[in-house]
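In: No sequence on hand, only this structure:
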Ligand code: UGA
């Protein structure tokens, strides 16, 4: 099938490449010309495992092309996937639909110039319940002769494993209001359903809500284990064992029960807030959802005081080292990263940070509060960042941090303290070297 992708960000690019690898002919569109030029040269615009290989392969096979000309996408696609960003509106906390509205407006106008050729618009971006309906009305208002069907097709790919997740979905969700959309969407996912991966058809509003309900439920699950973790730190109970044992109950599942520095990324934090706001608008006080939002904010804001508590000396005016800037490993994304809260809070207390992250530095510089920038120095490798600092904090679970020579690092940090917010190191080994090793859930 011929498919178009509007928005070549984390989802649009990885999924465009996946569809191409499954045998569809894909045209990806983005308004940023430099991005399109770079992708046409085979250079990925973001970090994601295997993306370079898929990009090269599909460009060579000519199963994917990139364009900044909307006409090219619309004239050549039976299904157009809308993959633009729906960030948080910083003033209201609601989902900002401006990119959805401007891109669908352009599609509507452009379609008129192409004689209103039929297409299906599959909304892949995360949007509040009722948005598809509003978008449809908006598009028809602009161009009453628009010949299209709209369906909701939320994505469930995690950054860092987006290609794997797309190719091995737990389920594909499609919200439709007619048989034709169901049939065409069934066909586009046939390479996956033929392998036994399930497709779940429902109505449009339900599909929109499934995405919010899934993300927010996982946000609550992680927030819950993070609070259990705090109890463990005061009582000596072992949070890792609790997560494993809880997970042995099939009704709970062991996944997403790992404690950490708080939840980051462009999805869980903003989707949970947006769902709470949806409830507000409906006159509902969604207490569990609101509590999970606040619990996560509190956890991320507490990181600096946790580090200060673990230090036996005062840290004011001193420098600590930090491994990790991205919100989790295997991505270059720093949106809502707990490292932002940590660095910004430390800066307020006049504590400097030497940081190293294998892929996140550029995006972190752009995201962090400019007032904190004077307090942070970025390094190209872990040892240079750690040298002559007071203590070491690990906040992202990159594999390469596990391979470092901690005997060498022992001589580099003054206080012989490691604070590991991801529990990636071995407690016995660290203590044998001589470190005071604080991990998540350890009794203080
Ligand atoms: C999340 C969902 O997992 C995807 O299914 C969804 O498609 C995506 O949002 C989206 O809406 O686009 P993502 O934000 O990439 O994916 O990352 P996750 O792997 O879900 O992690 C989110 C946060 O939770 C990270 O900060 C991570 O470190 C944290 N986390 C995750 C934990 O602290 N503990 C866990 O056990 C799992």
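Out: Looks like it came in fine. Because the structure is a prediction, the values reported are computed rather than measured.

In: What residues are bridge-paired with residue 319?
Out: On the basis of DSSP bridges, residue 319 is bridged to residue 352.

In: Near the ligand, which residues of the chain? Just list them.
Out: By the rule Cβ under 6 Å from any ligand atom, the part of the chain lying against the ligand is 126, 155-159, 215, 222, 256-258, 260, 263-265, 267-268, 327-328. Heads up, the C-betas are built off the backbone N, CA and C, glycines and all.

In: now the strands for the stretch 151-300 of the chain?
Out: 172-175, 199-202 (DSSP state E, counting those that start in this stretch).

In: Can you add mean neighbour count and distance to residue 5 and give these back as CSV?
Out: Listed next are the strands of the stretch 151-300 of the chain as CSV, based on neighbours: other Cβ atoms under 10 Å; distance: least, Cβ to Cβ, whole Å:
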stretch, mean neighbour count, distance to residue 5
strand 172-175, 23, 16
strand 199-202, 15, 19
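
In: For ChimeraX, write the select line for the buried members of the residues of the chain next to the ligand.
Out: Selecting the buried subset of the residues of the chain next to the ligand in ChimeraX, with 16 or more other Cβ atoms under 10 Å as the burial test, is done by:
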select :126,155,156,157,159,215,222,256,257,258,260,263,264,265,267,268,327,328
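
In: out of the residues of the chain next to the ligand, which are inside helices?
Out: The helices in this structure, assigned by DSSP state H, contain 215, 222, 268 from the residues of the chain next to the ligand.

In: so how far is stretch 178-191 off the chain centroid?
Out: When C-alpha coordinates are averaged (Cα atoms, centre = their mean, to the nearest Å), stretch 178-191 and its chain have centres 27 Å apart.

In: residues in contact with that stretch?
Out: By Cβ atoms under 8 Å, 6 or more residues apart in numbering, the surrounding residues in contact with stretch 178-191 are 1, 3, 19, 22-24, 78-79, 120, 122, 149-151, 153, 172, 174, 176, 193, 199, 201.

In: buried ones in that stretch?
Out: 181, 182, 184, 185, 188, 189, 191.

In: now the strands of the stretch 151-300 of the chain in JSON lines, with mean pLDDT?
Out: JSON lines is the format used below for the strands of the stretch 151-300 of the chain (pLDDT from 0 to 100):
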{"stretch": "strand 172-175", "mean pLDDT": "98"}
{"stretch": "strand 199-202", "mean pLDDT": "98"}
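
In: Minimum distance to residue 138: which of the ones you listed has it?
Out: Among these, strand 172-175 comes nearest to residue 138, with 17.9 Å by Cβ to Cβ.

In: For the residue in the stretch 301-444 of the chain that the ligand sits nearest to, give its distance to residue 307.
Out: Going by Cβ to the nearest ligand atom, the ligand is nearest to residue 328 of the stretch 301-444 of the chain, at 3.7 Å. Here residue 328 is placed at a distance of 19 Å from residue 307 (Cβ to Cβ, to the nearest Å).

In: now residue 287
Out: Residue 287 sits 31 Å away from residue 307, taking Cβ to Cβ as the criterion.

In: And these two? Which one has more around it.
Out: Comparing residue 287 with residue 307 by other Cβ atoms under 10 Å, the one with more neighbours is residue 307, at 26 against 10.

In: and the residue nearest in space to the middle of the chain, what pLDDT?
Out: In the chain, the centroid-proximal residue (Cα atoms, centre = their mean) is residue 265; its distance is 4.0 Å. In this prediction, residue 265 carries a pLDDT score of 96.

In: Isn't it up against residue 327?
Out: Yes: assessed by Cβ atoms under 8 Å, residue 265 is found in contact with residue 327 at 4.6 Å.

In: shared neighbours, those two?
Out: Overlap between the neighbourhoods of residue 265 and residue 327 consists of 333, 335, 336, 337, taking contacts as Cβ under 8 Å, 6+ apart.

In: Mind putting the ones in helices among the residues of the chain next to the ligand into TSV with pLDDT?
Out: What follows is these, written out as TSV (pLDDT from 0 to 100):
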residue	pLDDT
215	98
222	98
268	96
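
In: Go through those residues and name the one nearest residue 144.
Out: Comparing those against residue 144 with Cβ to Cβ places residue 215 closest, at 35.4 Å.

In: Quick check, that closest one in contact with residue 268.
Out: Yes: distance between residue 215 and residue 268: 5.5 Å, which falls inside the contact criterion (Cβ under 8 Å).

In: For residue 194, the count of nearby residues, please.
Out: Other residues near residue 194 come to 9 when the count uses other Cβ under 10 Å.

In: secondary structure class for residue 321?
Out: strand (DSSP: H, G, I helix; E, B strand; the rest coil).

In: Let me see the contact set for it.
Out: The neighbours of residue 321, taking Cβ under 8 Å, 6+ apart as the test, are 353, 354, 355, 356, 385, 386, 389, 391, 392, 393, 413.

In: could I get the residues you listed as CSV with secondary structure and neighbour count?
Out: As requested, the contacts of residue 321 are exported to CSV (DSSP: H, G, I helix; E, B strand; the rest coil; neighbours: other Cβ atoms under 10 Å):
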residue, secondary structure, neighbour count
353, strand, 23
354, strand, 20
355, strand, 24
356, strand, 24
385, helix, 22
386, helix, 22
389, strand, 21
391, coil, 25
392, strand, 28
393, strand, 27
413, strand, 19
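
In: from these, which single one is nearest residue 87?
Out: residue 355 (24.6 Å).

In: Since that was my last question, I'll sign off now.
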